[in-house]
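*Asks:* Okay, sequence plus prediction incoming.
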Amino acid sequence: MPAGPGDRPATRARPVKSPDLVTIADVARHAGVAVSTVSYVLSGKRVISEVTRTRVLANIRVLGYHPNAGARALASRRANVIALVLPLRSGMQVPVVMQFAMSVVTTARTVEHDVLLVTSDEGPDGLRRVAASAMVDGLLLMDVELHDERVPLLRELGRPSVLIGFPADASGLTCVDLDFHRAGQLCVEHLAGLGHRRVALLGAPAAVYDRGTGFAHRTRAGVVDAAGRLGVDAVVRPCEEGTAAVRRELVSLLERWPDLSGLIVQNEAAVGPVLAVLPTLGRRVPEDVSVVGVCPDQFAEQAGPRLTSVPVPAEEVGRQAVSLLMRRVQGEPVPAATLLDPTLTVRDSTAPAPARR
């Protein structure tokens, strides 16, 4: 019996076109199947026999065919792209920010989405421009302020969105972040448990507080709340980057409060300088001054001594943000607020408070 079209062996012909010009019709012709069959193999929307599926995939490889992203978008009415709105502003710690961004990118690829990175600080106008185009399926926003001017627009837009961070009023929004208020409390509770009675928070640069960036204000509020509850005297200072700025801040603190014995650092760029400068001021770590950081684990592990810290789980926050956004894109219900519980990892930089002089 002569072989039918469905029984023809996979062709070994070399590509007759540039891979960029190979079409789904070329694949169908070389495989001896209908164009719809190739489409079903690619989409998985219909069961195709294993023999036919194998032949189609073999011809796709031989011809070097790549499904056209534009055609897929037209068919699904989706762009398969999400926008990560990340304005680069003064006081931001770029290495930490990029941990969040890389997590978003790698997680998006697992769900067959690319990421459009929007770094210019255009406020609502930039958000409106991106959302009004057909370029993206949804929006992820970072560097969220307590009174973020982008928030009212987000509530009006028809695009799914998720915020990495919390504004003061998060109603009608989907937000995810570390619980920074609780993180500040944990730092004070740890130091108080070691007998420290005067502590200081060296926070983010002043520009971050001035903008009203949520994570910095929430950590500060957590420190102040826990200190009041536990009878600890707490001083809160913004901290600029660089060894010279850190030295000036530490000298000022120790001159005014010589019995200061606990430091909380929420500025990744200041961790190294703090640990390096304290011994030059006659304060050993942790014998004279205990230091706790709110930072990603890599900063804590690489510090000398290794830093007791509340980790900022950038990778987990990024994964959660993409997952929430994909569920919104697909019309699924999602929680309005996702707060990750902080934990404190004890390392070498904290010890019982020294005896009062």
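*Replies:* That came through, no problem. Nothing here was measured: the structure is a model prediction, and the numbers come from that model. Numbering: from 1, shown residues only.

*Asks:* Could you use CA atoms for every contact and neighbour count after this?
*Replies:* Noted.

*Asks:* can you pull out the helices in the chain?
*Replies:* Using DSSP state H, the helices of the chain run over 24-31, 35-43, 50-63, 69-76, 94-110, 123-132, 151-156, 180-193, 206-211, 214-230, 243-256, 268-280, 297-302, 314-329.

*Asks:* and the fifth one, average pLDDT?
*Replies:* Helix 94-110 shows a mean pLDDT of 91.

*Asks:* Can you name every helix or strand that that helix contacts?
*Replies:* Judged by 3 or more C-alpha pairs under 8 Å, 6 or more residues apart in numbering; DSSP states H and E, helix 94-110 is in contact with strand 114-118, helix 314-329.

*Asks:* The last one too?
*Replies:* Using 3+ C-alpha pairs under 8 Å, 6+ apart as the contact criterion, the neighbours of helix 314-329 among helices and strands are helix 94-110, strand 138-141, strand 161-164, strand 175-178.

*Asks:* for those, which one sits closest to residue 349?
*Replies:* Nearest of these to residue 349, taken as C-alpha to C-alpha: helix 94-110 at 21.5 Å.

*Asks:* which one of the helices of the chain lies closest to residue 88?
*Replies:* Closest among the helices of the chain, using C-alpha to C-alpha: helix 94-110, at 8.2 Å.

*Asks:* first vs last residue of stretch 301-319, how far apart are they?
*Replies:* End-to-end span of stretch 301-319 (C-alpha to C-alpha, to the nearest Å): 23 Å.

*Asks:* Check which residues of it are buried.
*Replies:* Within stretch 301-319, the residues scored as buried using 16 or more other C-alpha atoms under 10 Å are 303, 305-319.

*Asks:* Next: stretch 57-67.
*Replies:* 57-60, 62-65.

*Asks:* Count the neighbours of residue 187 for me.
*Replies:* 30 (other C-alpha atoms under 10 Å).

*Asks:* so what's it scoring on pLDDT?
*Replies:* According to the model, residue 187 carries a pLDDT of 98.

*Asks:* likewise residue 56?
*Replies:* The model's pLDDT for residue 56 equals 85.

*Asks:* can you check residue 64 too?
*Replies:* 77.

*Asks:* what does residue 52 give?
*Replies:* 88.

*Asks:* count of neighbours near it?
*Replies:* So residue 52, with other C-alpha under 10 Å, has 21 neighbours.

*Asks:* For residue 157, give its distance to residue 172.
*Replies:* 12 Å.

*Asks:* And for residue 94?
*Replies:* 30 Å.

*Asks:* Could you say which of the helices and strands packed on helix 314-329 is packed most deeply?
*Replies:* A comparison of the helices and strands packed on helix 314-329 by mean neighbour count, using mean count of other C-alpha atoms under 10 Å, puts strand 161-164 on top with a mean of 25.

*Asks:* Flag the shaky bits of the protein, pLDDT-wise.
*Replies:* 1-21, 43-46, 66-78, 357 (pLDDT under 70).

*Asks:* Now distance to residue 193 too, for the helices and strands packed on helix 94-110, in TSV please.
*Replies:* Putting the helices and strands packed on helix 94-110 into TSV (distance: least, C-alpha to C-alpha, whole Å) gives the following:
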stretch	distance to residue 193
strand 114-118	43
helix 314-329	28
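
*Asks:* Out of those, which is closest to residue 220?
*Replies:* helix 314-329 (19.7 Å).

*Asks:* contacts for that closest one?
*Replies:* For helix 314-329, contacts defined as C-alpha atoms under 8 Å, 6 or more residues apart in numbering pick out 96, 99-104, 107-108, 137-140, 160-164, 174-178, 296, 333-334, 340.

*Asks:* try stretch 125-139
*Replies:* Contacts of stretch 125-139 (C-alpha under 8 Å, 6+ apart): 78-85, 116, 120, 150, 153, 157, 159-162, 325, 329.

*Asks:* Buried among those residues? Need that as a selection in ChimeraX.
*Replies:* In ChimeraX syntax, the buried subset of the contacts of stretch 125-139 is picked out as below (16+ other C-alpha under 10 Å):
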select :78,79,80,81,82,83,84,85,116,150,160,161,162,325,329
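
*Asks:* since we're on the closest residue to residue 213 other than its chain neighbours, how many residues are nearby?
*Replies:* Once flanking residues are discounted, residue 213 sits nearest to residue 145: 4.1 Å by C-alpha to C-alpha, 6 or more residues apart in numbering. Neighbour count for residue 145, taken as other C-alpha under 10 Å: 23.

*Asks:* Contact partners for residue 145?
*Replies:* With C-alpha under 8 Å, 6+ apart, residue 145 has these contacts: 165-168, 211-214.

*Asks:* Please indicate which of these has the highest neighbour count?
*Replies:* For the contacts of residue 145, neighbours tallied by other C-alpha under 10 Å; top is residue 166, 28 neighbours.

*Asks:* what about residue 126, distance to residue 322?
*Replies:* 21 Å.

*Asks:* Same list (the buried residues of stretch 57-67) but as a markdown table, adding distance to residue 32.
*Replies:* Listed next are the buried residues of stretch 57-67 as a markdown table, based on distance: C-alpha to C-alpha, whole Å:
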| residue | distance to residue 32 |
| --- | --- |
| 57 | 12 |
| 58 | 12 |
| 59 | 10 |
| 60 | 12 |
| 62 | 14 |
| 63 | 14 |
| 64 | 17 |
| 65 | 16 |
